[in-house]
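>>> Curious how this folds, go ahead:
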Amino acid sequence: MKTLSSMPPSLCEAQKQARNCGLDIPKLQALLKEIEPLSEKYKIIFYLAATGLYSADDLAEKFNHSSGKNLNADFNKNLGAELKLSLDLDDSDRLGITSLRRILFKKGYLLDINDDESVRVLRTRYAENSQLEQSFTVRQN
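Numbers count the residues shown, from 1 in each chain. Now for the predicted structure:
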């Protein structure tokens, strides 16, 4: 019997995990819509692979594949070629489970978390930390 952790998550859970890893879910949904029809299983694998948290072997275990090598081949056959076209990649570019997150990052599918508010807060914290450091150094002397 499978353990709960080795069971594949639902599509909703996979999307939530991808969102928590900084991926832009509406953009990814639009990308997947371009390559329809696609089974729910491969959509889940896509989102989990996009998180960068799982190796091909981890995903193979979750989806009861014989090995990560076989899952990589299936991923490339069912998703890779279509994604290469949709993402406008060269034939020489590799697109697999382990390279998916890097390619999505390069193509702008991760949320931009460097908004003006974050930058302002970081600058303020840097100034505060500098003042704390100076006062600490003075106290030690």
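>>> so who does residue 110 touch?
By Cβ atoms under 8 Å, 6 or more residues apart in numbering, the contact set of residue 110 is 22-24, 104. Using the backbone N, CA and C atoms, a C-beta is placed for each residue, glycine as well.
>>> Also residue 89?
83, 95, 103.
>>> all helices in this protein, in order from the N-terminus.
11-20, 25-34, 40-51, 56-62, 68-75, 81-86, 100-106, 116-140 (DSSP state H).
>>> Point out the most buried one among these.
Comparing those by mean neighbour count (mean count of other Cβ atoms under 10 Å), helix 40-51 comes out on top with a mean of 21.
>>> So what touches that helix?
Contacts for helix 40-51 (Cβ under 8 Å, 6+ apart): 8-11, 14-15, 17-18, 21, 23, 28, 32, 54, 59, 62-63, 71, 75, 78-79, 97-98, 100-101, 104, 109.
>>> Restricted to strands, list the contacts of residue 110.
Assigned to strands by DSSP state E, none of the contacts of residue 110 qualify.
>>> And for the residue nearest to residue 39 when sequence neighbours are not counted, the neighbour number?
Of all residues not flanking residue 39 in the chain, residue 78 sits nearest, at 7.9 Å (Cβ to Cβ, 6 or more residues apart in numbering). Look at residue 78: counted by other Cβ atoms under 10 Å, it has 17 neighbours.
>>> what's near enough to touch residue 78?
So residue 78 contacts 38-39, 42 (Cβ under 8 Å, 6+ apart).
>>> start to end distance for stretch 12-31?
For stretch 12-31, the first-to-last residue distance is 17 Å (Cα to Cα, to the nearest Å).
>>> measure the residue most central in space within the chain to residue 9 for me?
The centroid of the chain falls nearest to residue 51 when counting by Cα atoms, centre = their mean (2.5 Å). Noted for residue 51: a distance of 11 Å to residue 9, by Cβ to Cβ, to the nearest Å.
>>> ok, the closest residue to residue 28 other than its chain neighbours - how many residues close by?
Counting by Cβ to Cβ, 6+ apart, residue 28 lies nearest to residue 109, which is 6.0 Å off, once chain neighbours are set aside. By other Cβ under 10 Å, 21 other residues sit near residue 109.
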